[in-house]
Structures are given as structure tokens and as C-alpha cells.
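[1] when you get a sec, could you give me coordinates for this:
(chains A and B)
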Amino acid sequence: MSNGAFIKIENLSFTYKDSEGEGKKALRGVDLEIEKESFVALLGHNGSGKSTLAKIISAILLPEEGRVVVDGMTVTDEDLSDEDILKLHKKVGMVFQNPDNQLVATVVEEDVAFGPENLGIEPEEIRRRVDDAMALMGISEYARHAPSKLSGGQKQRVAIAGLMAMEPQCMILDEATAMLDPRGRKEVMDTVLRLNREKGITVLHITHHMDEAALADRVVVIDDGRVLLDGTPGEVFSKVGLMQSVGLEVLPQTELLYELTQCGLPLPDHVTDAEECARVIFEYYQSQKKA
Amino acid sequence: MLKDVTLGQFFPGNSLLHRLDPRIKIIATVLLIIVVFLAQNMLGYGLLILLTLLLVAVSGIPVKTILKSVKPLIFIVLLTCAMNVLFTGGENVLLDLRWSFIHLKISVEGLLGGVKMALRILLLIVDTGVVLTYTTSPIDLTDGIERLLSPLAKIGLPVHTFAMMMSLALRFVPTLIEETDKIMSAQKSRGADFSSGNLVSRVKALVPILIPLLISSFRRADELALAMECRCYHGGKGRTKMKQLHLRAADILFLIFIALFIGVAFLPGIHCSLLGITGFDFLF
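    Here you go, the predicted model:
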């Protein structure tokens, strides 16, 4: 990946202050670079600071210390103009956790058109973009439906189509799969992966599902406001002990291989795919039988 | 139970009424409302009923759905009807009952007045429903209102903000209904009782529903504002619309039809009263 950094985070700190001025540190000096066109999963249990990070990147929150540069624009400037924020939101789209609270229109296609309408794009161009985005997300057949009649996974795909119609370069999914059932999660992950591979959209996927993180190019684990682990899914998941110590469940196949290697079996530990895991164990078993 | 609420809901379709320009439909509805209140005689009501039936047929909305939307208001209709029957005096007395201090007197005029009032309310519900709310998507509706009121923006009224607030409110009606159902089930499962006791205790039982609903609405509003900001919403300035409204021949024809109908149906009546011809009032 030599595409250069799309998001550059330097020494970022943030503290939530309650009404009495008591602070709770959410981020303590985070350094992170997110490459253009990469798919990065951000893992961490509740309260680890991962959502705060997303909010700072999209200029919703201002950090206490440090800075964030998105595609050459410093978004942590206190005197960022409204036009700059608009420009940033055009480049970086956010998908939130609750699908019901981010859809604004009563008809699917009108909702997809909301973003481009805000950008002041010509009506014919909006129509084209909306049709393209709905086709891309596989929701064309629901174009005239009310969002309230759709399933959770379908609603999130509508929300993503709404972003795609704005033609962003990057997409931040802030626990966008947390409220979905397994089928809805798969629907959303499939489409997000496709957008990343086919359209070259940079994806920052905040989640606590290991199986989703396993699909990413890179996994970053955040704990207590710091970057704890950073690497490919295989590298990160092989640190089973460390992951469990910060309250993260690892994938069952990774855990199985970890436990087997702990018992002294010479098995690889960088495996995140269930079938790959089965193959590795089978081959080991075969080789043992021969010997 | 709450899911049965159809008042103010949109039924997608492709009828002539569905395809009309929302601005035309708003104007036509306002005209119809005025006419329903102006109608004086039975001939006028007859024609209005005829028109309403025609509109229902054209809209393609099942009669069952329309009856269902009238049902919640039937009590008000009956009450207004009864009030009129009981308290309208008249010369042609049908029934005159005196029992201690109660004096019950029902006249032909009162009876007709009651029927007229009931018809008036029913026509109002069905006409506004069929012409406007059932056949117009809320977005089209607010769009139409926004366009119709846009001259007022020039004198500084926040027309866009108003339209956006309205469309968001409409968007959240089904969501909040669903949530209310969920909260009620949760409270019922813990032994709450919403359906027995007197009025005071029933109203009191609603408090544990309204408070969670209110709190969650604030949270929703907060998240929604954030999501809208992230989707580059910055008020009505420089905003375009995917759907442009164009008046077509059918729109103009529809409005002319409604106007002509009103003219034909009510001008004779107005003429009669202007010329001082009376005596038909009772007949019609």
C-alpha cells in the first residue's frame, strides 16, 4: 500500500468533561495513519475511545491536543470555516449505529438524494447519482418504499447509498453493524467491501465484531485511549492473550489454534479464516499419521 | 394496536390523483374545505358526496382503508350530530318530550342540521385524505407547501426551516409509534395496566410511557442532527431538489374541473339567496 496517507492522526488527546468540570480521558496521544483506499477496522470495547476518534476525524469534536489531517486539510483547527467543514463532510461520510436516526426522508430515493441536494447539485445529476448509488447498494427495488418498512440491514444500505450519492473518498462506519442481526451485518459488510475493492473508497470500520475486522486490510485495536495493536488481521488476532486481557473476544478458529499451539503443537497462528484453520489442522493430522 | 393509525398516512400508488402536482392538490383541498363549509342545502351536499365518491374511485385507495381512517373520529361525528339534533330549534317539531325539568324537542330542521354537520365532517376527512394526504407523499406535500409559501421567504419567514421540520416530524411518526408500542409492551410485561380503572388512573398509567418516549426522542433528535450535519445539511441556502415540480396540462385541468364543479354546484344557491328566493332551503 503506497497510496499515501488519507487520514493522518498525530498525538491526539481528548477529554470528556461533565458538568462539574471533572474530566474523563477518552484518547491519550493516538498516532495513526490511514492509507488511501485501504480498509481499516478499528476494534475496542465500549468506552475505549474509538467513536471519539471518528467524531474528531469528521470535525464534530475538537481535540484537546494533537491534530488530524484529512487529505491535506487540518480538520482540528479551531477556526475551521463552515465551508471547510462542508468540504470535509463531502469527502468523508459517516454511517452511524442507529439506522432510524440517520434517515431523513419518508421515501428511500428521496433520502438517498438528501446529501446531493444539500450540495446544490443539478436535479438531473442528482437523479443519475441516486439511481447509480441505489443500484450499487442493491436497493433499487425499494426506491419508492418507506424506510420504516425496511429491515435494519436494508436501512443501513440506504444510509450508505445516501453517502455514495455524495461521491465521498472515505467512509467511516461508526458501529454501523452493532444494531443489526447476522444477516443484516453480512449485507452491510458485503457492500462495504465491494465499495472498497471496486470504487477505491477508504473505509474506517469501527466495530467490536472480530469476524468483520477479519475482512479488513488492517486492524487497529484501541484500549483506554491508546493504540494497543496495529497490523494485519492475522498479526493482531494471533495476540490472543493480549486481546483477551483488554476484553476482546477473538475468533473461535484463532482461539482454537492459539490453544493448540499453547499445548505445543507446531501450528501457524496467523490464520483468521475458518476453512483455512480446518485445512491447517487436517494437514498436521495427516502428517502425524504418516510419521 | 397503534399500528392501525392511518390518519395522515400516505398510500403509494400511481393513480391520476397520485400523479398530480402537490401544489394543485393543496389548492384544491383548500377550495374543497371552503366549499364543504359553504354548502347550505341537500343538493350541494349531494353533489359534494358525488364528487367525493368520484375522487375515491379515481384515487384507487380501497374503501376499507378510508372507512378505517374515519373510524377513530366517528365519536366526534356522532357527538356533533347529536348536539345539532338536540339543540337546533325549528318549527316542524317531530318529537316533543317533557319529563320533569328535561325538555326534549327534536325538529325536522334540527335533524337535517345534525345530518348536515355529520356529512360535513365526514366529507372533510375523506376529501382531505383522498386528495391530499393519502395520495401525496409527505415529501411532496412539504415540498408543495414550501413552494406555495416561498413568496413569504422574501419577507424573512423561515419557510424552508418550517418545511424541513414538518417533513422530519412526518418521517418520525412511524418510528415513534413503533417505539411507543415497544415501551407499552415492556411496561405491560412488568405488570402495568393501561386498560382498566377510571380516566384519572388511565392517564396516570400513561406517564411511564411518555417519559421514556420523550427522553428517547431527544436522543434521536440529537443523533439525527449530527447525521444531517455529516450529510452536508446547512439550511435551505444553495440547496437544490432532485424532484422538480412542473405543472402539466392534467394539473390545470384538475383545478379547472374542481373550480367548475364548485361554480355549478354553488352559484345557483348563491344566486337564489341574492335574488331573495327563499323557501327552497327546507326542501333541499
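
[2] please report phi then psi for the one residue sitting closest to the centre of chain A.
    Nearest to the geometric centre of chain A sits residue A:205, at 0.7 Å (CA atoms, centre = their mean). As for residue A:205, its main-chain torsions (degrees, to the nearest 10) stand at phi -110, psi 110.

[3] burial count for residue B:255?
    Residues within reach of residue B:255, counting by other CB atoms under 10 Å in any protein chain shown, total 19. (C-beta placed from N, C-alpha, C; glycine too.)

[4] ok, so what distance separates it from residue B:148?
    Using CB to CB, to the nearest Å, we find residue B:255 at a distance of 13 Å from residue B:148.

[5] for residue A:194, same thing?
    For residue A:194 relative to residue B:148 (CB to CB), the value is 43 Å.

[6] cool, residue A:24 as well?
    Note on residue A:24: its distance to residue B:148, by CB to CB, is 50 Å.

[7] A strand includes residue B:239, no?
    No: per DSSP: H, G, I helix; E, B strand; the rest coil, residue B:239 lies outside any strand segment and is coil.

[8] surely residue A:272 is in contact with residue A:233?
    Yes: the criterion here is CB atoms under 8 Å, and residue A:272 meets it with residue A:233 at 4.8 Å.

[9] quick one on the thing from earlier: between residue B:255 and residue B:148, which contacts overlap?
    Counting by CB atoms under 8 Å, 6 or more residues apart in numbering or on different chains, the shared contacts of residue B:255 and residue B:148 are residue B:27.

[10] quick check, the residue in the stretch 51-200 of chain B closest to chain A?
    Nearest residue of the stretch 51-200 of chain B to chain A, counting by CB to the nearest CB: residue B:174, 4.1 Å away.

[11] list the buried residues in the one helix or strand that residue maps to.
    Using DSSP states H and E, the element containing residue B:174 is helix B:159-189. Neighbour-count burial for helix B:159-189, counted by 16 or more other CB atoms under 10 Å in any protein chain shown, picks out B:159-160, B:162-164, B:167-168, B:170-177, B:179-180, B:183-184, B:187.

[12] what's the answer for stretch B:33-43, then?
    B:35-36, B:39-43.

[13] and those residues, which is closest to chain A?
    Proximity of those to chain A was ranked by CB to the nearest CB; the top entry is residue B:36 with 27.8 Å.

[14] pretty sure the closest one is touching residue B:120, no?
    Yes: if you go by CB under 8 Å, residue B:36 and residue B:120 touch, sitting 5.6 Å apart.

[15] what segments of the stretch 51-200 of chain B are strands?
    B:93-99, B:102-107 (DSSP state E, counting those that start in this stretch).

[16] sorry, back to before: which one of residue A:24 and residue B:148 has more residues nearby?
    residue B:148 (15 against 11).

[17] quick check: residues of the stretch 101-250 of chain A near chain B?
    Residues of the stretch 101-250 of chain A lying near chain B by CB under 8 Å from any CB of the partner chain: A:101-107, A:109-110, A:113-123, A:126-127, A:130, A:144-146, A:148, A:162-163, A:166.

[18] type out the ChimeraX command that picks the buried ones from the residues you listed.
    Buried residues among these (16+ other CB under 10 Å), as a ChimeraX selection:
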select /A:101,102,103,104,105,106,107,109,110,113,114,115,116,117,118,119,121,126,127,130,145,146,148,162,163,166
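
[19] next step: the residues of the stretch 101-250 of chain A next to chain B restricted to strands.
    Among these, DSSP state E puts none in strands.

[20] from chain B, how far off is the nearest residue to residue A:169 once chain neighbours are set aside?
    The shortest distance from residue A:169 to any non-neighbouring residue, by CB to CB, 6 or more residues apart in numbering or on different chains, is to residue A:91 (5.1 Å). Per CB to the nearest CB, to the nearest Å, residue A:91 is found 10 Å from chain B.

[21] neighbours of residue A:91, just the number please.
    By the measure other CB under 10 Å, the count of residues near residue A:91 is 19.

[22] ok, it - contacts?
    Neighbouring residues of residue A:91 by CB under 8 Å, 6+ apart: A:70-71, A:168-170.

[23] sketch out the low-pLDDT regions of chain B for me.
    Where chain B drops to pLDDT under 70, the residues are B:1-9, B:265-284.

[24] what parts of it come near chain A?
    B:10, B:12, B:137-139, B:167-168, B:170-171, B:174-175, B:178, B:220, B:223-224, B:226-234, B:238-244.

[25] repeat that with 7 Å
    Counting by CB under 7 Å from any CB of the partner chain, the positions of chain B adjacent to chain A are B:12, B:137-139, B:168, B:170-171, B:174-175, B:220, B:223-224, B:226-228, B:230-234, B:238-242, B:244.

[26] out of those residues, which are buried?
    Buried members of those, scored by 16+ other CB under 10 Å, are B:137-139, B:168, B:170-171, B:174-175, B:220, B:223-224, B:226-228, B:230-234, B:239-240, B:242.

[27] next, count neighbours for residue A:287.
    Residues lying near residue A:287 (other CB under 10 Å) number 10.

[28] just residue A:215 next, same as before
    Residue A:215: 18 neighbours (other CB under 10 Å).

[29] show me where chain A dips below the pLDDT cut-off.
    Ranges of chain A meeting pLDDT under 70: A:1-3.

[30] do a quick rundown of the strands in the stretch 151-291 of chain A.
    A:170-174, A:202-207, A:218-223, A:226-231.

[31] off-centre distance for the first one?
    Taking CA atoms, centre = their mean, to the nearest Å, one finds strand A:170-174 lying 5 Å from the centre of the chain it belongs to.

[32] what of stretch A:42-50?
    Here the centre of stretch A:42-50 is set off from its chain's centre by 12 Å, with CA atoms, centre = their mean.

[33] only the buried residues of that stretch, if you could.
    Of the residues in stretch A:42-50, A:42-44, A:48-50 count as buried by neighbour count, 16+ other CB under 10 Å.
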